[in-house]
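Chemist: sequence first, predicted coordinates after that:
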Amino acid sequence: MKRTVAVIQARTGSNRLPRKILEPLFDDVSLLAYQCRHLRNIQGVDELVIATTTHPNDDTVERLGQAEGIRVIRGSEHDVLDRFLVVAERTLATTLVRITSDSPFRDPKIIARCVADHHDNLSEYTRPVDKHLPRGLRAEVVETRVLQHLAADPEVTARHREHVTLFIREHYEAFRTHMVRFADTLHYPDYDFSVDTREDLDFVRSVYVQMSERDWPIDAEHICKLISEQVAEQNRLEDIA
């Protein structure tokens, strides 16, 4: 039986901005809590889970998941590949969707499109075409058996195990890979909606405010529409100058 599980990999031990996933995006809603609520129902995905670590500092992540009604599975802090395989074993997942917790604006429609294309093309690994979406809005889909193969491969290094899909991205030719194409209106690869620094956090908060003021849904289409408006305004001001 095929089963697709979306996995938010989350831990509080970020080097540049510790506990960033617990920082509020707005009011008292953290980046991680917002993501849980936004991605709770993704077409083609059977379950959304949080994969965190066994480090005591991540007890807060487990409590957050429980409060949001999302299953939390804990595993290795640095061997994220093994953490994903623990998730696959406990959820009986044959296909996994990798989601990082520092990108609050992941779009369930983008993920659903990647999942559908992945299954339609009988792929082993699927992601959007490079430069077709801003960073932080992309999605990766991978077969569990591929991760099991990587875990047993002596060429897979500790760095590969930490970044889960890095080995696949370095060896596309070794896997049945599918790249999903998206409309030209979403082609803003120079924009990044992931949070690594305090400045990034301020940026996504400002985006949330601007989207809310316009009463727009926070999805890839409308985020890119906001970018388009800002680019047009910048060009207008440069022409005047």
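Modeler: In hand now; what should we look at?
Chemist: list the contacts of His38.
Modeler: 104-106, 108, 218 (CB atoms under 8 Å, 6 or more residues apart in numbering). The way it works is simple: take the backbone N, C-alpha and C, and place the C-beta from them, glycine included.
Chemist: most surrounded residue in these?
Modeler: Neighbour counts for the contacts of His38, by other CB atoms under 10 Å, peak at Pro104, which reaches 27 neighbours.
Chemist: next, count neighbours for the spatially closest residue to it that is not a sequence neighbour.
Modeler: What sits nearest to Pro104 in space, not counting adjacent residues and going by CB to CB, 6 or more residues apart in numbering, is Leu31, at 4.6 Å. Residues lying near Leu31 (other CB under 10 Å) number 23.
Chemist: then Val146?
Modeler: The burial count for Val146: 20, using other CB under 10 Å.
Chemist: same check, this time on Ala232
Modeler: Here the count is done by other CB under 10 Å, and Ala232 has 10 residues near it.
Chemist: is it true that it lies in a strand?
Modeler: No: according to DSSP: H, G, I helix; E, B strand; the rest coil, Ala232 belongs to no strand; its state is helix.
Chemist: ranges for the helices of the chain?
Modeler: Assigned by DSSP state H, the chain shows helices spanning 31-38, 59-68, 80-91, 108-120, 144-152, 158-162, 166-170, 198-213, 220-240.
Chemist: any idea which residue sits dead centre in the chain?
Modeler: Nearest to the geometric centre of the chain sits Ile99, at 2.8 Å (CA atoms, centre = their mean).
Chemist: OK, contacts around that one?
Modeler: By CB under 8 Å, 6+ apart, the contact set of Ile99 is 6-9, 35, 39, 106, 111, 139.
Chemist: what's the distance between it and Leu122?
Modeler: 22 Å (CB to CB, to the nearest Å).
Chemist: what's the angle from the helix or strand bottoming out on mean pLDDT in the chain to helix 198-213?
Modeler: Ranked by mean pLDDT, DSSP states H and E, the weakest helix or strand in the chain is helix 220-240, scoring a mean of 86. Orientation check (axes from the mean of the first three to the mean of the last three CA atoms, to 10 degrees): helix 220-240 against helix 198-213 gives 100 degrees.
Chemist: give me the buried positions along stretch 113-132.
Modeler: Neighbour counts over stretch 113-132 (16 or more other CB atoms under 10 Å) mark 113-115, 117-119, 123-128, 132 as buried.
Chemist: go on, stretch 77-94?
Modeler: Going by neighbour count (16+ other CB under 10 Å), the buried part of stretch 77-94 is 77, 79-81, 83-85, 87-88, 91, 93.
Chemist: pLDDT weak spots in this structure?
Modeler: For the chain, the stretches flagged by pLDDT under 70 are 238, 241.
Chemist: roughly how far apart are Ala112 and Val195?
Modeler: Using CB to CB, one obtains 23 Å as the distance from Ala112 to Val195.
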